[in-house]
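>>> need the 3D shape of this:
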Amino acid sequence: MKKLIIGLIIAISSSGSALAQKMTIVSATQQSWSGGVAGHYGTNYCIMLKVEKDKIGIDSLYINSEVFVPNVRLQGMAAVGKDTTERTYCITAEESHDENIGPLFRNTETKTSPVSHRSYKGQALIIYELNGKKHELAVKQLTALEGIAYP
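Sure, this is the predicted structure:
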């Protein structure tokens, strides 16, 4: 009986670790820009996320308490259909403003209806789906890149 119980404990702990999802934020940046038209400015955001094992679905993105619909692209070998245990996702979002008329563009139509003021620790929050369940991943800081001044 003891051997059976020990065997069950080992089997349960092994299956739990097999389901563990390892995710790494490779980079998280924001880059302000201005120009093109007088008074026109905005910010581009980019988060590179490395995921081992499973495919995930990126649902929505919060940056500085504002909700965005992320643009998501697979990078590397997984992007060209190669079977790999590691996937890198490039998650981008952008906003644009005009001083004369206010916000011009911020992609805010989400797949679900997000809470407008979700609380989280960090500068950004990624809502993703894994195995049919929603999860959250906080991004502590977005590194500011040098701004772009278009002519």
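>>> show me the shaky parts of this protein.
Counting by pLDDT under 70, the chain shows low-confidence ranges at 1-21, 77-84, 102-117.
>>> for the residue sitting nearest the centre point of it, give me its contacts.
The centroid of the chain falls nearest to I126 when counting by Cα atoms, centre = their mean (4.2 Å). Each residue near I126 by Cβ atoms under 8 Å, 6 or more residues apart in numbering is listed here: I47, L49, I58, L61, P70, I91, E136, L137, V139. For every residue, glycine as well, the C-beta is placed using N, CA and C.
>>> specify the beta-bridge partners of the fourth one.
Taking DSSP bridges, one obtains F68, I126 as the residues bridged to L61.
>>> around it, how many other residues sit close by?
A count of neighbours around L61, defined by other Cβ atoms under 10 Å, yields 26.
>>> so where does the closest residue to A144 other than its chain neighbours fall, helix or strand?
Sequence neighbours aside, Q30 is the residue nearest to A144 in space, at 5.7 Å (criterion: Cβ to Cβ, 6 or more residues apart in numbering). When elements are assigned from DSSP states H and E, Q30 belongs to strand 23-35.
>>> quickly run through the sheet partners of the next helix or strand after that strand, with directions.
Using DSSP H and E, the helix or strand that follows strand 23-35 in sequence is strand 40-52. Strand 40-52 pairs in its sheet with strand 23-35 (antiparallel), strand 86-98 (antiparallel), by DSSP bridges.
>>> neighbours around the closest residue to C90 other than its chain neighbours, how many?
Excluding the flanking residues, the one nearest C90 by Cβ to Cβ, 6+ apart is R73, at 4.6 Å. When neighbours are counted by other Cβ under 10 Å, R73 registers 10.
>>> surely R73 and Y89 touch.
Yes. Contact criterion Cβ atoms under 8 Å: R73 and Y89 qualify, at 7.2 Å.
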